[in-house]
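Participant: Provide a 3D model corresponding to the input given below.
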Amino acid sequence: MRQSSYFFEQSLICQTCSPGNYSDTNNATQCSVCQPGSFSSTSGATSCSECQPGNFSSNSGSSSCQTCSSGSYSATVGATQCESCPKGSYSGSEGSTKCTECSAGTYAADPGSTDCQDCGTIRTSSDGSDSCPDLNVGGIILVVLIVIGSIVGGFFFGRWYYHKKIFSSS
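Facilitator: Below is the predicted model of the structure:
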């Protein structure tokens with residue numbers, strides 16, 4: 001493997017390119033700097049490597065990529081930054097390449113969440129929610145009253161029909 005170097009005119013000696021730099025030509029007079037989203041971790045590199053998904057490099061001349069923190073992700077090769085998970089999703093570990101949608105009954109109210117919160121027993125949510133709205137208590141009460149009314153009404157109708165049948169047949 002060829003190790004890159006450049007010719008340093010003042011000392012008349014070839015110098016090895018330091019990490020974060022590279023030289024892809026022979027007899028270069030200076031090293032090139034790795035651009036954001038890439039790095040070179042060794043001295044004498046002939047090229048830079050791109051940061052892999054879940055990692056990023058925001059500065060020129062990086063010797064390594066940084067890992068995306070919990071609550072953020074990077075889905076692309078050569079990322080210069082990580083993105084925060086949007087509301088309704090989370091990333092619970094470092095180096096994530098995507099965010100996970102909160103499941104029904106949970107929510108993530110803020111961007112960059114590391115987990116989803118439980119809605120509790122009197123609230124609910126659908127998949128990917130950023131809040132848990134109160135249940136429509138009035139609607140629930142109305143349904144309960146209709147069901148009770150149907151049961152009671154059916155009972156009284158049945159008694160009326162039974163008595164009607166008995167007394168009409170006599």
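Participant: Surely Ser126 touches Ser103?
Facilitator: No: contact criterion CB atoms under 8 Å: Ser126 and Ser103 do not qualify, at 9.3 Å. In short, each C-beta sits where N, CA and C put it, glycine included.
Participant: what about the nearest residue in space to Lys87 that is not next to it in sequence, neighbour count?
Facilitator: Residue nearest to Lys87 in three dimensions, not counting chain neighbours: Asp130, with 3.7 Å by CB to CB, 6 or more residues apart in numbering. Asp130 has 17 neighbouring residues, counting by other CB atoms under 10 Å.
Participant: who touches the residue most central in space within the chain in this structure?
Facilitator: Most central residue of the chain, judged by C-alpha distance to the mean C-alpha position with CA atoms, centre = their mean, is Cys99 at 1.9 Å. Neighbour list for Cys99: 73, 85-86, 89-91 [criterion: CB atoms under 8 Å, 6 or more residues apart in numbering].
Participant: Can you list which of those are found in strands?
Facilitator: Among the contacts of Cys99, the subset assigned to strands under DSSP state E consists of 73, 89-90.
Participant: now the strands for this protein?
Facilitator: Counting by DSSP E, the strands of the chain are 5-8, 13-16, 21-22, 32-33, 38-39, 49-50, 55-56, 66-67, 72-73, 83-84, 89-90, 100-101, 106-107, 117-118.
Participant: need the ones in strands among the contacts of Cys99 in CSV with distance to Gly37, can you?
Facilitator: Listed next are the ones in strands among the contacts of Cys99 as CSV, based on distance: CB to CB, whole Å:
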residue, distance to Gly37
Tyr73, 15
Ser89, 24
Tyr90, 25
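Participant: Many thanks, we can stop here.
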